[in-house]
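Asks: pasting the structure only:
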């Protein structure tokens, strides 16, 4: 059985854009750094950041890729409230593959984030254990209110066929 | 503080962190990600998961922190990539390790991994391969 349905094939190339309703904000930056356990003063101390060539505090690099702040969508049944393609592949389980981020500049508290997600492709492969899987790749491009390119995020999600269904 | 030795083969000082449920809840809040996988026993039990699963993206944050701490506040992380190998559960301790693979024109390439270290148990790999590209002079250079 192919995991790649015609319906999913037709979705490839789809784009969806989300714009945050407000600036990222200093509190969001401090909260993220605290949650991770990263005590670098670049994220909390304007004077320190200025001493090191920045206009003021900046966000830890991966925050922009991780936050769902921009999405403003209601939580799904799993509690997830971020971007999702809602791809349903019966007889499979969904696992995260990985991410590749490219950062173009530091993200600042006054940036209003727009994220544009594009469904880049879906490729059928086989796991080392012989299970069919479908590798779905997406790219998110993050910009701010001035149109500055902040970051891109290539994300891979894998749908692995369940053993009992084979 | 002495300047780090940034030459091919140099080791990036490891970064270790224990990720307990409190930290996971904080991360879920900070990222607006309320997926039940990260805290809800009623979600975990029917799926055969022994404990809340750490959001894998945390390791991206730790890998960035590891190289930023080492190379200092002027360094700009330009690229970061990571692939997940094994789930990490609430209360486990991870260690980010890395080494320099290339240095050219003020740009450093680092290869990294995230290991799960858990006392007497053998290490498991949480993230591999992973790596970063860092511009020593900052974002504008």
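Replies: On my side now, so go ahead. As the structure is a prediction and not an experimental result, all values here were calculated from the model. Numbering: from 1, shown residues only, chains lettered A, B, ... in the order given.

Asks: now the strands for chain A?
Replies: In chain order, chain A shows strands spanning A:15-19, A:92-103, A:114-126, A:132-143, A:149-161, with DSSP state E as the criterion.

Asks: can you list those in a markdown table and add distance to chain B and mean pLDDT?
Replies: For every residue, glycine as well, the C-beta is placed using N, CA and C. Output for the strands of chain A, formatted as a markdown table (distance: least, CB to the nearest CB, whole Å; pLDDT from 0 to 100):
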| stretch | distance to chain B | mean pLDDT |
| --- | --- | --- |
| strand A:15-19 | 12 | 97 |
| strand A:92-103 | 4 | 95 |
| strand A:114-126 | 12 | 96 |
| strand A:132-143 | 12 | 97 |
| strand A:149-161 | 8 | 96 |
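
Asks: Tell me if the lengthiest helix in chain B is near chain A.
Replies: In chain B, assigned by DSSP state H, the helix with the most residues is helix B:57-71. Yes: against chain A, helix B:57-71 shows contacts by CB under 8 Å from any CB of the partner chain at B:57-58, B:60-62, B:64-65, B:68-69.

Asks: ok, now stretch B:41-51?
Replies: Yes: counting by CB under 8 Å from any CB, chain A has neighbours in stretch B:41-51: residue B:43.

Asks: Now do that stretch: distance from first to last residue.
Replies: By CA to CA, to the nearest Å, the extent of stretch B:41-51 from end to end equals 7 Å.

Asks: and that stretch, how far out from the chain's middle?
Replies: Using CA atoms, centre = their mean, to the nearest Å, we find the averaged C-alpha position of stretch B:41-51 to lie 25 Å away from the chain's own average C-alpha position.

Asks: With stretch A:22-40 instead?
Replies: 17 Å.

Asks: Please enumerate residues in contact with that stretch?
Replies: By CB atoms under 8 Å, 6 or more residues apart in numbering or on different chains, the residues outside stretch A:22-40 that reach it are A:43-44, A:57-60, A:63-64, A:66-67, A:69, A:107-113, B:17, B:23, B:26-27, B:29-31, B:58, B:61-62, B:65, B:68-69, B:73.

Asks: who's in contact with residue 67?
Replies: As the question left the chain open, I've gone with chain A. A:24, A:28, A:32, B:30-32.

Asks: You answered for a different chain; I wanted chain B.
Replies: For residue B:67, the contact set (CB under 8 Å, 6+ apart) comprises B:12, B:75, B:77, B:98, B:108, B:110, B:112, B:132, B:134.

Asks: do that again at 7 Å, thanks
Replies: Residues in contact with residue B:67, defined by CB atoms under 7 Å, 6 or more residues apart in numbering or on different chains, are B:12, B:77, B:110, B:132, B:134.

Asks: per-residue confidence at it?
Replies: pLDDT for residue B:67: 98.

Asks: Please apply the same query to the one 3 residues further on.
Replies: The confidence metric pLDDT takes the value 98 at residue B:70.

Asks: ok, it - how many residues close by?
Replies: 20 (other CB atoms under 10 Å in any protein chain shown).

Asks: Distance of it relative to chain A?
Replies: Using CB to the nearest CB, to the nearest Å, we find residue B:70 at a distance of 11 Å from chain A.

Asks: now do residue B:51
Replies: Separation of residue B:51 from chain A (CB to the nearest CB) stands at 17 Å.

Asks: and if you look at residue B:116?
Replies: Look at residue B:116 and chain A: by CB to the nearest CB, they are 16 Å apart.

Asks: ok, now residue B:99?
Replies: Residue B:99 is 20 Å from chain A, where distance means CB to the nearest CB.

Asks: and the one helix or strand residue B:26 maps to, how far from the chain's centre?
Replies: Residue B:26 belongs to helix B:21-30 when assigned by DSSP states H and E. Per CA atoms, centre = their mean, the displacement of helix B:21-30 from the mean C-alpha position of its chain is 16 Å.
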